[in-house]
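Asker: What follows is a protein structure lacking sequence information:
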């Protein structure tokens, strides 16, 4: 074993045992454990870890922990200049719908097993949203976000803040059911299926090519 000292910053402290949250502490790591192994053994999914320093120098998750290392872990931040695409697990249907309403590509299906989520996350480079720590520890999931809040509205605020979504939002551009882009449609083409009161108030309409809504 190698005994190293750890200190976690910001929201990462919530994953730790209470006695470790507000101070540095020593921890015995398994033989040849990487930083990923050690951090996750303490309860923090690797997706939540951003900048990591060992003895004051930047380090990657693949670095092997050595005797006497002083390790500091800071929360992950969203990289700039990229439009995030998400995959919400089975328990976050309300959050998925809210993200789609704001125009963010968000996969969600109650039938997805963990293996499906891991495969899609790896193949499509999606940010996995979940309240399942063990799922977010899977190596196939490079980008993820543990959702602390329990209610959909609070979850949306949490994800929007962490992923800097406010400036990127394109409200009502995606189908809330299919996650497909909505297409403009002539008012006359949908007159038969739109309530009269809505037709009287609105001139612009969109339609989903997938479900027809």
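Answerer: Perfect, thanks for sending it. Remember, it's a predicted structure, so these values are computed and weren't measured experimentally.
Asker: in the chain, which spans are helices?
Answerer: For the chain, the helices defined by DSSP state H cover 35-41, 93-101, 114-124, 133-136, 152-162, 196-201.
Asker: Quick one: closest of these to residue 53.
Answerer: Nearest of these to residue 53, taken as C-beta to C-beta: helix 35-41 at 10.4 Å. In short, each C-beta sits where N, CA and C put it, glycine included.
Asker: Flag every buried residue along the closest one.
Answerer: Neighbour-count burial for helix 35-41, counted by 16 or more other C-beta atoms under 10 Å, picks out 35-40.
Asker: Quick check: of these, which lies closest to residue 28?
Answerer: For those, the nearest to residue 28 is residue 38 (9.7 Å; C-beta to C-beta).
Asker: Report the contact partners of that closest one.
Answerer: 4, 6, 27, 29-30, 65, 71 (C-beta atoms under 8 Å, 6 or more residues apart in numbering).
Asker: try residue 186
Answerer: residue 205.
Asker: quick one: pLDDT of the residue most central in space within the chain?
Answerer: Centroid check for the chain by C-alpha atoms, centre = their mean gives residue 145 as the closest residue, at 3.1 Å. Looking at residue 145, its pLDDT is 96.
Asker: Residue 81 too?
Answerer: For residue 81, the predicted pLDDT is 67.
Asker: Please apply the same query to residue 90.
Answerer: pLDDT, residue 90: 93.
Asker: Also the one 10 residues further on?
Answerer: Predicted confidence (pLDDT) at residue 100: the value is 97.
Asker: State the number of residues packed around it.
Answerer: 24 (other C-beta atoms under 10 Å).
Asker: surely it meets residue 174?
Answerer: Yes: under the criterion of C-beta atoms under 8 Å, residue 100 makes contact with residue 174 at 4.7 Å.
Asker: Nearest to residue 152, out of the contacts of residue 38: which one, please.
Answerer: Nearest member of the contacts of residue 38 to residue 152, counting by C-beta to C-beta, is residue 6, at 33.5 Å.
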